[in-house]
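**Student:** Fold the stuff below for me.
(one chain, ligands or ions: 1)
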Amino acid sequence: MDTPIVSIFWFRRDLRLTDNAGLYHALKVGIPVIPLFIYDSDILEQLSDREDRRVQFIHQAIESLAESLQLLGSYLLVKHGKPLEIFSQLIQEKKIAAVYTNHDYEPYAQQRDAAVEHYLNKHAIPFHTYKDQVIFEKSEITKPDGKPYTVFTPYKKRWLNTVNSFYVKSYPTEKYTSQFVTMPPEPLPTLKDLGFRETDLRTPGKSVTEKIIAHYDKTRDYPALAGTSRLSVHLRFGTISIRQTVQLAQKLNVTWLNELIWRDFYHMILYHFPHVESGAFKPAYDYIPWQNNENHFAHWCAGNTGYPLVDAGMRELNVTGFMHNRVRMVVASFLCKHLLIDWRWGEAYFAAKLLDYDLAANNGGWQWAAGSGCDAAPYFRVFSPLAQLQKFDKQYLYVKKWVPEWESSNYSKPLVDHEFARKRAINTYKAALTEYKNNK
Ligand SMILES: Cc1cc2nc3c(=O)[nH]c(=O)nc-3n(C[C@H](O)[C@H](O)[C@H](O)COP(=O)(O)OP(=O)(O)OC[C@H]3O[C@@H](n4cnc5c(N)ncnc54)[C@H](O)[C@@H]3O)c2cc1C
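**Tutor:** Now for the predicted structure:
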């Protein structure tokens with residue numbers, strides 16, 4: 001019997017069947033489509049903790065995708081290994097007309113995709129890729145001279161002037177689901193097969209009540225309130241669509257829309273300035289002589305700094321894999337400025353713990369706090385963790401939830417004195433920036 005011709009749609013950060021750009025284009029062609037997901041061993045092998053909430057989140061999302069495909073009479077082809085080797089196997093087993101996928105802007109993903117494209121093209125198989133996880137990508141929003149923006153406010157203005165219904169329209173993927181290959185389901189790998197164990201993951205809901213978004217501008221800074229969407233992990237893995245999310249933001253709240261534009265902005269920065277993955281956006285900040293005291297770092301990680309808002313945030317992160325944005329800013333600033341610990345240490349700790357970990361947003365957030373980022377907090381602005389507590393957790397509800405021993409004699413003494421640390425940070429930064437200037 002002749003092997004039938006098929007196309008492949010490769011899922012990555014877009015784990016959904018609805019409003020999926022690349023999937024829509026694959027299905028519309030009329031050639032039966034095999035949906036594929038690869039547990040990329042190059043990524044999984046780097047995770048030192050075998051109880052990883054993100055791996056479990058992805059595993060659940062894959063099971064749910066597979067169930068939905070089964071209801072459509074199809075299946076999800078799930079592989080575990082190095083993507084290039086998987087494609088080399090697949091082209092031996094199947095007659096592949098084309099491979100479709102959505103863009104990924106992280107440096108590792110770009111290299112991986114270039115290698116896969118090169119390999120497929122050598123076998124005369126086109127590799128079609130689409131924008132899906134952001135509204136504007138790469139150089140779609142640039143300064144009038146064509147260079148990328150490095151300051152958020154003018155970028156946002158241009159973003160808002162350019163966006164129209166075309167950019168946020170959903171792809172009607174559901175119209176073409178009859179184009180999935182018809183196949184009985186195949187068994188999926190278990191977490192154990194992948195080398196991981198069950199975690200205490202509590203999967204956040206995929207939707208948000210309109211009331212939360214409608215009041216977002218008033219509630220978003222208060223960690224004790226349910227005042228933000230908690231959609232970050234779903235936007236990270238594409239279990240919801242950014243276009244549908246932006247449609248909601250346009251209808252309900254411009255402040256929330258602003259945050260979604262920050263998300264596009266940081267993806268654009270990472271794409272144009274991939275050096276930020278390992279170095280400061282502003283090179284002068286690589287001159288800062290970090291103290292990197294390991295004992296202080298351990299206290300920060302465990303939430304035992306003696307500063308209640310910092311400790312509450314770190315404990316929330318350790319227990320749930322989530323931390324409120326206001327508190328992320330405070331703990332990050334505290335690590336870099338109060339403790340003079342390299343922002344990369346904090347970034348890596350967040351990368352290991354956050355369920356919504358996203359290289360572009362996390363790096364952007366850390367470099368903002370450290371002052372080294374493209375549009376960052378000025379170096380001389382040092383958050384007072386106590387003033388932040390008085391302002392954003394006035395009734396201490398958040399702090400009491402995560403640090404029950406606060407105000408008792410069992411609570412740790414402050415690791416550093418605020419006024420001493422503030423002056424030391426300003427002097428250290430100032431000296432480093434001057435040294436850079438003099439050496440240039
Ligand atoms: C040091 C630091 C590290 C961070 N690391 C991450 C990370 O790894 N992954 C991540 O998604 N966000 C990160 N953020 C941004 C922000 O804290 C989270 O997106 C937000 O807290 C998630 O909660 P939410 O879904 O309720 O967000 P909401 O306030 O409801 O915002 C809606 C969505 O907008 C996006 N968003 C919001 N704020 C930002 C921002 N400042 N930059 C980029 N996107 C944003 C997220 O996708 C978020 O889900 C970080 C911020 C800081 C200061």
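**Student:** can you count the residues close to the residue lying closest to D193 once chain neighbours are set aside?
**Tutor:** For D193, ignoring the flanking residues on the chain, the nearest one in space by CB to CB, 6 or more residues apart in numbering is H80 at 7.2 Å. C-beta: built from backbone N, CA, C; applies to glycine. In terms of burial, H80 registers 15 neighbours under the definition other CB atoms under 10 Å.
**Student:** H80 and the ligand, how far apart?
**Tutor:** Taking CB to the nearest ligand atom, to the nearest Å as the measure, H80 and the ligand are separated by 25 Å.
**Student:** did I read that right, that residue in a strand?
**Tutor:** Yes - secondary structure assignment places H80 in a strand (DSSP: H, G, I helix; E, B strand; the rest coil).
**Student:** thought it was touching S41?
**Tutor:** Yes - applying CB atoms under 8 Å, one finds H80 in contact with S41, separated by 6.4 Å.
**Student:** what ranges do the strands span in this structure?
**Tutor:** Ranges of strands in the chain, per DSSP state E, are 5-11, 33-40, 77-81, 95-102, 127-130.
**Student:** what does the protein put close to the ligand?
**Tutor:** Taking CB under 6 Å from any ligand atom as the measure of proximity, the chain contacts the ligand at 220, 228-232, 235-236, 259-260, 262-263, 266, 325, 328-329, 332, 350, 354, 356-358, 361-362, 364-366, 369.
**Student:** Which of those residues fall within helices?
**Tutor:** Judged by DSSP state H, the subset of these located in helices is 232, 235-236, 259-260, 262-263, 266, 325, 328-329, 332, 350, 361-362, 364-366, 369.
**Student:** Out of the residues you listed, which end up buried?
**Tutor:** 232, 235-236, 259-260, 262-263, 266, 328-329, 332, 350, 361-362, 364-366, 369 (16 or more other CB atoms under 10 Å).
**Student:** quick one: buried residues of the longest helix seen in the chain?
**Tutor:** Secondary structure assigned by DSSP H gives helix 418-439 as the longest helix of the chain. Residues of helix 418-439 classed as buried: 418, 421-422, 424-425, 428-429, 432-433, 436 (neighbour count, 16+ other CB under 10 Å).
**Student:** Could you do stretch 71-91 as well?
**Tutor:** Under the neighbour-count criterion of 16+ other CB under 10 Å, stretch 71-91 has 74-79, 82-83, 86-87, 90-91 buried.
**Student:** okay, now the closest residue to I91 other than its chain neighbours: neighbour count?
**Tutor:** Take I91 and drop its neighbours on the chain: the residue closest to it by CB to CB, 6+ apart is H123, 5.6 Å away. When neighbours are defined as other CB under 10 Å, H123 has 10 of them.
**Student:** ok, whichever residue of the chain sits closest to the ligand - contacts?
**Tutor:** Using CB to the nearest ligand atom, G365 is the residue of the chain that sits closest to the ligand, at 2.4 Å. Counting by CB atoms under 8 Å, 6 or more residues apart in numbering, G365 touches 328-329, 332.
**Student:** cool, and V181?
**Tutor:** With contact set as CB under 8 Å, 6+ apart, V181 has these partners: 6, 32-34, 74-75.
**Student:** Out of the residues you listed, the closest to W290 would be?
**Tutor:** Within the contacts of V181, distances to W290 taken as CB to CB reach their minimum at I34, with 49.1 Å.
**Student:** partner residues bridging that closest one?
**Tutor:** According to DSSP bridges, I8 are recorded as the beta-bridge partners of I34.
**Student:** My guess is it contacts I8. True?
**Tutor:** Yes - the criterion here is CB under 8 Å, and I34 meets it with I8 at 5.1 Å.
**Student:** And the two? Which one has more around it.
**Tutor:** I8 (24 against 21).
**Student:** Need the residues that contact stretch 24-37.
**Tutor:** Contacts made with stretch 24-37 from outside it, assessed by CB under 8 Å, 6+ apart, are listed as 4-11, 15, 23, 62, 65, 69, 74-79, 90, 94, 97-98, 100, 128, 130, 171-173, 176-177, 179-182.
**Student:** Distance to R315 and pLDDT added to the contacts of V181, as JSON lines?
**Tutor:** As requested, the contacts of V181 are exported to JSON lines (distance: CB to CB, whole Å; pLDDT from 0 to 100):
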{"residue": "V6", "distance to R315": "49", "pLDDT": "98"}
{"residue": "P32", "distance to R315": "50", "pLDDT": "98"}
{"residue": "V33", "distance to R315": "45", "pLDDT": "98"}
{"residue": "I34", "distance to R315": "45", "pLDDT": "98"}
{"residue": "S74", "distance to R315": "44", "pLDDT": "96"}
{"residue": "Y75", "distance to R315": "42", "pLDDT": "96"}
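**Student:** Nearest to T209, out of these: which one, please.
**Tutor:** Nearest to T209 among those: S74, at 33.1 Å, using CB to CB.
**Student:** Surely that closest one is in contact with T182?
**Tutor:** Yes - judged on CB under 8 Å, S74 makes contact with T182 at a distance of 6.1 Å.
**Student:** Now for R315: which residues touch it?
**Tutor:** R315 touches 303, 402-403, counting by CB under 8 Å, 6+ apart.
**Student:** By neighbour count, which of those wins?
**Tutor:** By neighbour count, taken as other CB under 10 Å, the most surrounded of those turns out to be V403 (25 neighbours).
**Student:** quick revisit: farthest-separated two in the buried residues of stretch 71-91?
**Tutor:** In those, two members sit farther apart than any others by CB to CB. They are S74 and K82, at 25.4 Å.
**Student:** Having no further points to raise, I will conclude here.
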